[in-house]
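Undergrad: Below is the sequence, then the predicted model.
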Amino acid sequence: MSLKKNKNRSGLKALLCFVLVLTCTFCTFSPLSVFAEEDKSLEELRDEYNKIEAIIQENQQNLNEVQGEIKDNKSKLDKLNSEIDDIQAQVDILSDRIDILNGDITSLNTNIQTITTEISSINTMITEIETRIAEGEILIADTREQLLERIRENYMAGGGSTLEILFTSEDLTSFLTRKELVAQVSEKDTKLITDLTSELVELNSLETQLEAEKVELVSKRTQLDSDMTTLTARQDDLESSLDVQEAKKKEATKKHEEVEEILEQLDEDSEEYKAIIKRQEEERKILEAQIDEYIKNHGSEVGDTPDEEYNNDGDMLWPVAGKTTMTAGYPAYKDGSAHWGIDICVVGATGGTRDENGRSYSLGKPFRAAQGGEVIIAANDDNWNYGFGNYCVIDHGDGTQTLYAHAQTLYVKKGDVVQKGENIGAIGETGNVTGPHLHFEVRVKRGDTVSRVQPLDYVSKP
Ligand SMILES: [Zn+2]
């Protein structure tokens, strides 16, 4: 993508000033009054006309350059607009993804928080249970000590066999269950032993239960720890991709701003170009009027008798020989804008105006005088005249004048007498055109009025 500022801007401004200066210079010549003055010699009129022609020619060259720039800038503008659309679509996609990621992270954090709370409460429970077990163990040990003490005190007199049983018993429970020994203790001691035994059994059972519970809780915590590790890893992943997306978004936004700036610049340029074109269009209208004015002053009018050397037979000829087509008609183009003539193109065997390589069949082919007459205007310098390019006007001596425009070159000059059907130039694409063709007009002078009439009333395609 080209983000460069229009380099030709300062050049354009200089050009604009130049055009304005030329326009003012042009006005001081007062061309209409020059044409109208009757006391000047034909020679003087021609000199002045040639001066005006030169100025107009320069203006036309400037216009062509400006029009080229406008075309370039318009295509640049189109390209930028489509690029902006692409970037905007990308930004939209990125924003959507970031929203989704943010939602995921929020829900992950909630999960982690819940799990952490659960683990914390499980740890508290385990601590409580462990404390109880420790207390129970201490109590059992104490009770065991007390019981052993009591047995020693009460049964010392019982003989070696009892002590032997006591000390050879593997544990206290098996010792206490021995019936012969139980029978020897007092009722008080029997109750103490029974109570202690039952408490011991209870504590052992509780310990077993708590141990089992602890095992379960630890296993659950292990599972939760592993879940949390997984979730944390995922959170890290999400956060890092969020960073990547945000960086992309930042970049896209920056690019967008740059493009907008360029567009603004181009809009400004465009306004300048439009102003120049508007001025040039006005100039063009002036020139059209000049042509009519020139014909008014120098052309024949309806009712005149043509010079004999014109051989005017009163019947105009289609101005291009061979197979042709009419690509635009009188008095308007398809888009409705004014068109005071007809456009003629040479066609190939299949009826197209260009061959398979895109080459125009018209370019360089001759066009001919529709009727005998005298060439009264001939502009044969490339890029001459607003819109018409190289063109000539033939006066046929009977009040009709024909105009031939956009020529590649003219074979005739002002003052030449031409015969009907004589080749007078080659078809080209000079002036304001989209492709090579002959632009053909018919003018009729009645008294002081010159009108541009429907050419098809005078010529018809063979
Ligand atoms: Zn035309």
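TA: Arrived safely.
Undergrad: make it CA atoms for all contacts and neighbour counts henceforth
TA: OK.
Undergrad: check contacts around the residue in the stretch 351-462 of the chain that the ion sits nearest to.
TA: At 4.2 Å from the ion, residue 439 is the closest residue in the stretch 351-462 of the chain, using C-alpha to the ion. Residues in contact with residue 439 (C-alpha atoms under 8 Å, 6 or more residues apart in numbering) are 341-344, 403-406.
Undergrad: Can you name the residues of the stretch 351-462 of the chain that neighbour the ion?
TA: residue 439 (C-alpha under 5 Å from the ion).
Undergrad: Where do the strands of the stretch 351-462 of the chain begin and end?
TA: Applying DSSP state E, counting those that start in this stretch to the stretch 351-462 of the chain gives strands spanning 366-368, 373-379, 390-395, 400-410, 417-418, 423-427, 438-446, 449-453.
Undergrad: Single out the residue in the stretch 201-350 of the chain that lies closest to the ion.
TA: Proximity of the stretch 201-350 of the chain to the ion (C-alpha to the ion) peaks at residue 343, 4.6 Å away.
Undergrad: For that residue, report the pLDDT, please.
TA: Here, the pLDDT recorded for residue 343 equals 96.
Undergrad: quick one: the nearest residue to it once chain neighbours are set aside and residue 304, what's the gap?
TA: Leaving aside its sequence neighbours, residue 343 sits nearest to residue 439 (C-alpha to C-alpha, 6 or more residues apart in numbering; 4.6 Å). Residue 439 is 26 Å from residue 304, where distance means C-alpha to C-alpha, to the nearest Å.
Undergrad: Likewise for residue 346?
TA: 34 Å.
Undergrad: what's the answer for residue 324, then?
TA: Counting by C-alpha to C-alpha, the gap from residue 324 to residue 304 is 33 Å.
Undergrad: Which one of these two is surrounded by more residues?
TA: residue 324 (20 against 12; other C-alpha atoms under 10 Å).
Undergrad: Quick one, grab the pLDDT at that one.
TA: pLDDT, residue 324: 96.
Undergrad: Look up the closest residue to it, ignoring the ones flanking it.
TA: residue 346 (4.3 Å).
Undergrad: you'd agree that neighbour is up against residue 327?
TA: No: Residue 346 is beyond contact range of residue 327, at 10.2 Å (criterion: C-alpha atoms under 8 Å).
Undergrad: ok, the two, which is more surrounded?
TA: Between residue 346 and residue 327, residue 346 has the larger neighbour count (other C-alpha under 10 Å), namely 24 against 15.
Undergrad: Please name the nearest non-neighbouring residue to residue 327.
TA: That would be residue 343: by C-alpha to C-alpha, 6+ apart, it lies 5.5 Å from residue 327.
Undergrad: What is the burial count for the one you found?
TA: Counted with other C-alpha under 10 Å, the neighbours of residue 343 add up to 20.
Undergrad: Which secondary structure elements does the host helix or strand of it sit against?
TA: Per DSSP states H and E, residue 343 falls inside strand 342-346. With contacts defined as 3 or more C-alpha pairs under 8 Å, 6 or more residues apart in numbering; DSSP states H and E, strand 342-346 has these neighbours: strand 324-328, strand 438-446.
Undergrad: Can you list the strands that it pairs with?
TA: Here strand 342-346 has these sheet partners by DSSP bridges: strand 324-328 (antiparallel), strand 438-446 (antiparallel).
Undergrad: deepest of those, which one?
TA: Counting by mean count of other C-alpha atoms under 10 Å, strand 438-446 has the highest mean neighbour count of the strands paired with strand 342-346, with a mean of 24.
Undergrad: Kindly calculate the angle that that strand makes with strand 423-427.
TA: Taking axes from the mean of the first three to the mean of the last three C-alpha atoms, to 10 degrees, strand 438-446 and strand 423-427 form an angle of 130 degrees between their directions.
Undergrad: what is the rounded mean pLDDT of strand 438-446?
TA: 96.
Undergrad: got the CA coordinates for that strand in PDB?
TA: In PDB, the C-alpha atoms belonging to strand 438-446 read as follows (Å, rounded to 0.1, in the frame of the first residue of the first chain):
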ATOM      1  CA  LEU A 438     -13.700  10.600 -35.000                       C
ATOM      2  CA  HIS A 439     -16.000  13.300 -33.400                       C
ATOM      3  CA  PHE A 440     -18.100  14.800 -36.300                       C
ATOM      4  CA  GLU A 441     -20.300  17.900 -36.100                       C
ATOM      5  CA  VAL A 442     -22.400  19.800 -38.500                       C
ATOM      6  CA  ARG A 443     -23.100  23.500 -38.100                       C
ATOM      7  CA  VAL A 444     -25.500  25.600 -40.000                       C
ATOM      8  CA  LYS A 445     -25.200  29.400 -40.300                       C
ATOM      9  CA  ARG A 446     -28.500  31.300 -40.900                       C
END
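Undergrad: Next, the angle strand 400-410 makes with it.
TA: 150 degrees.
Undergrad: so what's the nearest residue to residue 436 once chain neighbours are set aside scoring on pLDDT?
TA: Excluding its sequence neighbours, the residue lying closest to residue 436 (C-alpha to C-alpha, 6+ apart) is residue 429, at 4.3 Å. The per-residue pLDDT reported for residue 429 equals 91.
Undergrad: same question, residue 14
TA: 38.
Undergrad: One more: residue 272?
TA: At residue 272, pLDDT is 72.
Undergrad: how near is it to residue 432?
TA: Distance of residue 272 to residue 432, given as C-alpha to C-alpha: 20 Å.
Undergrad: With residue 289 instead?
TA: 18 Å.
Undergrad: Repeat that for residue 343.
TA: 13 Å.
Undergrad: next one: residue 444
TA: 24 Å.
Undergrad: Enumerate every residue touching residue 451.
TA: Shown in contact with residue 451 (C-alpha under 8 Å, 6+ apart): 443-445.
Undergrad: Quickly list what it is bridged to.
TA: residue 444.
Undergrad: Just the pLDDT at residue 379, thanks.
TA: If you check residue 379, the pLDDT there is 88.
Undergrad: is it true that it touches residue 392?
TA: Yes: Residue 379 sits in contact with residue 392 when judged by C-alpha under 8 Å, with a separation of 6.1 Å.
Undergrad: anything in contact with each of the two?
TA: Common neighbours of residue 379 and residue 392 (C-alpha under 8 Å, 6+ apart) are residue 410.
Undergrad: Around the ion, which positions in this structure sit nearby?
TA: Close to the ion, as judged by C-alpha under 5 Å from the ion, the chain has residues 343, 439.
Undergrad: give me that answer again for 6 Å
TA: Contact residues, the chain versus the ion (C-alpha under 6 Å from the ion): 341-343, 439.
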